[in-house]
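Asker: kindly return the folded structure for what I paste below:
(chains A and B)
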Amino acid sequence: MNATAVAQPMIRFQSVAKRYPNGREALSNLTLDVAAGEMVFLTGHSGAGKSTLLKLLALIERPTRGSLIVNGQNLATITRRKIPAYRRQLGMVFQDHKLLADRSIFDNVSLPLVVANTPPRDIGKRVRAALDQVGLLKYEQAKPIELSTGEQQRVGLARAVVTKPPLLIADEPTGNLDPDLSLEVMNIFKRFQEVGVTVLIASHNVQLIEQFNARRIHLEGGRLLEQSNDGASPLFDPTRLLDQAGVKQDSAS
Amino acid sequence: MNAWLARHLQTLVGSLGRLSQQPIATALTVLVMGIALALPACLDVLVRNAQAAGGSWDRALDVSVYLKQSVDADSAARLADKLRQRSDVKAVQLIKADEALQEFREHSGFGEALAALSNNPLPHTLVVTPAENGASPTALANLRDELSKLSEVEVVQLDTDWVQRYLAMLDTVRRLVTMVAVLLAVGVVVIVGNTIRLDIQNRRDEIEVTKLVGGSDAFVRRPFLYCGVWYGLGGGILAWLVVTVAVALLAGPVQRIAGLYGSTFNLSGLGFVGGIELLALGVVLGWLGSFAAATRHLRAIEPR
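Answerer: Numbering: from 1, shown residues only, chains lettered A, B, ... in the order given. As a prediction, the model looks like this:
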């Protein structure tokens, strides 16, 4: 918790490293901040560490070194039992939409609400609102198999936002989509960011990312290689990063 | 509170729905559990009936108390009254010396020889029937000892060797039944546990996604617990059916055998309370089995 900051960052990585049991070091000495309400693209080739970073945020994995603070909570203090409660603050979108094939679209989208013990009368309203935001209200009773890939992806997105979480993370959300659909999905993310949701998207689709005016964090070999900041944030201080990370920064980027 | 109840009811009904989607697999599990529960239930019914049958051998448990020659009829009658007050005595019959002699004359075949006797050598006799609670070997021995100590009493006769043997056997059988029941209960728990384990494996994806969106352990486990409850209930109902049919089939023959032995014994089944107990047992065992399996196997499934 930075006492001198105007507002706390939504996400703070401090010297985070992740080494898997087989010896592979997926992340090394990662230090970065993401402010609340910011949209950030995580770029890099496959194996650069993007998915690992997102898994650390979702507490699917734990860092081997360093500290990670999300929405004011130090993830190291979250015991196994408290993980579900933490995850309810996140909305997650994946490349393989991870929808339940034997349930209707409505049931799929309502899952986070059911898990959070939302009163039954509110569930209907909120599911429909979420489906409306992604333009799929008419498919409420359909099964996932009846929808196209793009539509399934959008359902996944609806599910991620139905509880109105403060933080939305997405791992290659447009991986299976054509350029038009990809742009559509990104625009939906942008719309959420505009109402105050912090959005972190991992994507290797550079052409798509360039169409958006958002900060880009580039990972390579598990290390933070460069950051381009297209929107000034009071928390993003290059000199502080130099001091803390001890990583030689390429002054050209 | 209402919301909590609504959630649990929804999961309960939902689990039943899931089970009915796979009718054959569910039926097989219920069948196995029903058989596993029916066996101890039948044995229990057997033991209970045997005990009841044993209880109708009242006469054989009678204690014959032979009084001293010096005791006259009035003293004998007073003693009989006194003994009737005892809590471990159900009834006392006074057989006066004359009646005893008469009976002896008629049944023993010594009729003529007895005529040669000038006076009655037989004493007054009391036939003491012990109460139900006094029918155990120790209680009977106790009664016999106490009666022996009375000043009016000459000899106390308790010819119950064979009944004691019967009761001892019954005790052994009862223990055997308990052991079998415990083993089968363990079996039932294991069967349910295994079925739930397979169920969990089949639903792996669903479990991962539910955990990913923040489903707590209890939330993820609940549907599987209720599946176990339904299996247990189904097994209990099937077991109850088996026992009822068995009793119905045997009632006729048993009644005939009893009649041939001069008894009015009737085979009785589980009864209402026994039936409810059986169902409750099924539910508890089903719940236990699924709780153990679900807790263990769900832990291993985490989002990747």
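Asker: count the neighbours of residue 115 for me.
Answerer: Chain wasn't specified; assuming chain A. Using other CB atoms under 10 Å in any protein chain shown, A:Val115 has 21 other residues around it. (Each C-beta comes from the backbone N, C-alpha and C, glycine too.)
Asker: hmm, no, I was thinking of chain B.
Answerer: B:Ala115 has 8 neighbours, counted by other CB under 10 Å.
Asker: ok, it to A:Asn205 distance?
Answerer: B:Ala115 sits 127 Å away from A:Asn205, taking CB to CB, to the nearest Å as the criterion.
Asker: ok, now B:Leu183?
Answerer: Using CB to CB, one obtains 63 Å as the distance from B:Leu183 to A:Asn205.
Asker: which one of those two has more residues nearby?
Answerer: Neighbours per residue, other CB under 10 Å: of B:Leu183 and A:Asn205, the larger number sits with A:Asn205, 19 against 13.
Asker: right, and the more buried one touches A:Thr174 too?
Answerer: Yes. With the criterion set as CB atoms under 8 Å, A:Asn205 and A:Thr174 qualify as a contacting pair; they are 6.0 Å apart.
Asker: next, the contact list for the residue nearest to A:His45 when sequence neighbours are not counted, please.
Answerer: Sequence neighbours aside, A:His204 is the residue nearest to A:His45 in space, at 6.5 Å (criterion: CB to CB, 6 or more residues apart in numbering or on different chains). When contacts are counted by CB atoms under 8 Å, 6 or more residues apart in numbering or on different chains, A:His204 is found next to A:Thr43, A:Gly44, A:His45, A:Ser46, A:Lys50, A:Glu172.
Asker: least confident pick among the residues you listed?
Answerer: Comparing pLDDT over the contacts of A:His204 singles out A:Ser46 as the least confident position, at 80.
Asker: tell me the SS of it?
Answerer: Three-state secondary structure (criterion: DSSP: H, G, I helix; E, B strand; the rest coil) places A:Ser46 in coil.
Asker: closest residue of the stretch 151-300 of chain B to chain A?
Answerer: Nearest residue of the stretch 151-300 of chain B to chain A (CB to the nearest CB) works out as B:Gly214 at 3.5 Å.
Asker: how near is that residue to B:Gln10?
Answerer: 19 Å.
Asker: looking at the two, which is more packed in?
Answerer: Remark: of B:Gly214 and B:Gln10, B:Gly214 carries more neighbours, 22 against 15, as counted by other CB under 10 Å.
Asker: so that one touches A:Leu113, yeah?
Answerer: No. When contacts are counted by CB under 8 Å, B:Gly214 is not listed as touching A:Leu113 (10.6 Å).
Asker: quick check: residues of chain A near chain B?
Answerer: Within chain A, the positions lying close to chain B (CB under 8 Å from any CB of the partner chain) are A:58, A:60, A:81, A:84-88, A:90, A:92, A:98, A:100, A:111-112, A:115-117, A:119-120, A:159.
Asker: kindly recompute the last result at 6 Å.
Answerer: Contact residues, chain A versus chain B (CB under 6 Å from any CB of the partner chain): A:Ile60, A:Pro84, A:Arg87, A:Arg88, A:Lys98, A:Leu100, A:Leu111, A:Pro112, A:Val115.
Asker: okay, the closest residue to A:Glu61 other than its chain neighbours: pLDDT?
Answerer: Taking CB to CB, 6+ apart, and ignoring the residues beside it in sequence, A:Glu61 has A:Lys55 as its nearest neighbour in space, at 4.5 Å. The pLDDT attached to A:Lys55 in the predicted structure is 92.
Asker: what's the answer for B:Asn133, then?
Answerer: With respect to pLDDT, B:Asn133 has a value of 67.
Asker: same question for A:Arg154.
Answerer: The confidence metric pLDDT takes the value 90 at A:Arg154.
Asker: what's the local residue count around residue 79?
Answerer: Going with chain A. A count of neighbours around A:Thr79, defined by other CB under 10 Å, yields 7.
Asker: sorry, should have said chain B
Answerer: Using other CB under 10 Å, B:Leu79 has 22 other residues around it.
Asker: same check, this time on the one 3 residues further on
Answerer: Neighbour count for B:Lys82, taken as other CB under 10 Å: 13.
Asker: what of A:Lys82?
Answerer: 13.
Asker: how about B:Leu278?
Answerer: Counted with other CB under 10 Å, the neighbours of B:Leu278 add up to 22.
Asker: what about it, which helix or strand?
Answerer: Secondary-structure element containing B:Leu278, defined by DSSP states H and E: helix B:271-299.
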